[in-house]
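J.: this is the structure alone, sequence omitted:
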Ligand code: PRP
Ligand code: URA
């Protein structure tokens, strides 16, 4: 069974509402996506393991806790996931970054791969997969397949908005993947867009149409 966490912090909820507005400019949209990614990242990494380390403060020797366990890899799904990368890197600056290029066919809504470059040692890393939109779930499910084919079995997905249909698809295809989202919207419309949603995330981040 997938673990789905809706991060309903008021700061995130407020910023998502601004993101949705048709009046939000491309510059504002880009900045908000990065800020939301950082806030969501903080919460999604809450269970990172710590270990005791001996250190010396200016006052005395002591034992302090520091991060241990697997190193991280951040993997955005192109294009829109790119908008979330800097927010995550602000939290974990030494993380490796992989890229998976997928676009959705407008007729069939099926994802098509055009690029995949992942860190060599991805099987030893905790992967944080980034895509602001989980609609049908086809793109996220395909991206998770690529990562699993490379031997990685510890994956978290961070999406700003999720449709119930996308969450159900991930539950069926990848019940082991932890999903973090900022809001679960009502439904998909008949052309596969999230309702009420925010439109096309890639176009709004990059100012394309
Ligand atoms: C968008 C979005 C997701 C995908 C979600 O990308 O960024 O990757 O759609 O839809 P799904 O859950 O139904 O697969 P899009 O294919 O529009 O490509 P883009 O980011 O390059 O605009
Ligand atoms: N991709 C988007 O960018 N927006 C949607 O609403 C659905 C898929």
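T.: Received, thanks. Not measured: the values here are computed from a predicted model. Ligands and ions are numbered 1, 2, ... in the order given.
J.: and stretch 96-104, anywhere near ligand 1?
T.: Yes - interface with ligand 1: stretch 96-104 contributes 102-104 (Cβ under 6 Å from any ligand atom). (Each C-beta comes from the backbone N, C-alpha and C, glycine too.)
J.: between the residues you listed, which sits nearest ligand 1?
T.: Distance to ligand 1 across the residues of stretch 96-104 next to ligand 1 (Cβ to the nearest ligand atom) is lowest for residue 104, with 3.3 Å.
J.: give me the number of residues near the closest residue in space to the closest one that isn't next to it in sequence?
T.: In space, and not counting its chain neighbours, residue 104 is closest to residue 111: 5.7 Å by Cβ to Cβ, 6 or more residues apart in numbering. Residues lying near residue 111 (other Cβ atoms under 10 Å) number 19.
J.: can you check residue 23 too?
T.: 6.
J.: kindly report the same for residue 94.
T.: Counted with other Cβ under 10 Å, residue 94 comes out at 7.
J.: one more: residue 66?
T.: Neighbours of residue 66 (other Cβ under 10 Å): 9.
J.: wait, the residue nearest to residue 104 touches residue 103, no?
T.: Yes - using Cβ atoms under 8 Å, residue 111 is in contact with residue 103, at 7.2 Å.
J.: give me the pLDDT for residue 83.
T.: Predicted confidence (pLDDT) for residue 83: 98.
J.: right, and it touches residue 205 too?
T.: Yes - if you go by Cβ under 8 Å, residue 83 and residue 205 touch, sitting 4.3 Å apart.
J.: coming back round to it: which residues are in contact with the residue nearest to residue 104?
T.: Residues counted as contacts of residue 111 (Cβ atoms under 8 Å, 6 or more residues apart in numbering) are 102-105, 138-139, 142.
J.: so where's the protein shaky on pLDDT?
T.: 1 (pLDDT under 70).
J.: can you map out the helices along it?
T.: Ranges of helices within the chain are 10-20, 26-44, 85-91, 138-149, 164-173, 201-206, based on DSSP state H.
J.: adding mean neighbour count and distance to residue 71, write these out as CSV.
T.: What follows is the helices of the chain, written out as CSV (neighbours: other Cβ atoms under 10 Å; distance: least, Cβ to Cβ, whole Å):
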stretch, mean neighbour count, distance to residue 71
helix 10-20, 15, 26
helix 26-44, 19, 15
helix 85-91, 19, 14
helix 138-149, 21, 15
helix 164-173, 17, 24
helix 201-206, 20, 27
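J.: with distance to ligand 1 added, can I get the ones you listed in JSON lines?
T.: Below are the helices of the chain laid out as JSON lines (distance: least, Cβ to the nearest ligand atom, whole Å):
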{"stretch": "helix 10-20", "distance to ligand 1": "13"}
{"stretch": "helix 26-44", "distance to ligand 1": "11"}
{"stretch": "helix 85-91", "distance to ligand 1": "13"}
{"stretch": "helix 138-149", "distance to ligand 1": "3"}
{"stretch": "helix 164-173", "distance to ligand 1": "5"}
{"stretch": "helix 201-206", "distance to ligand 1": "2"}
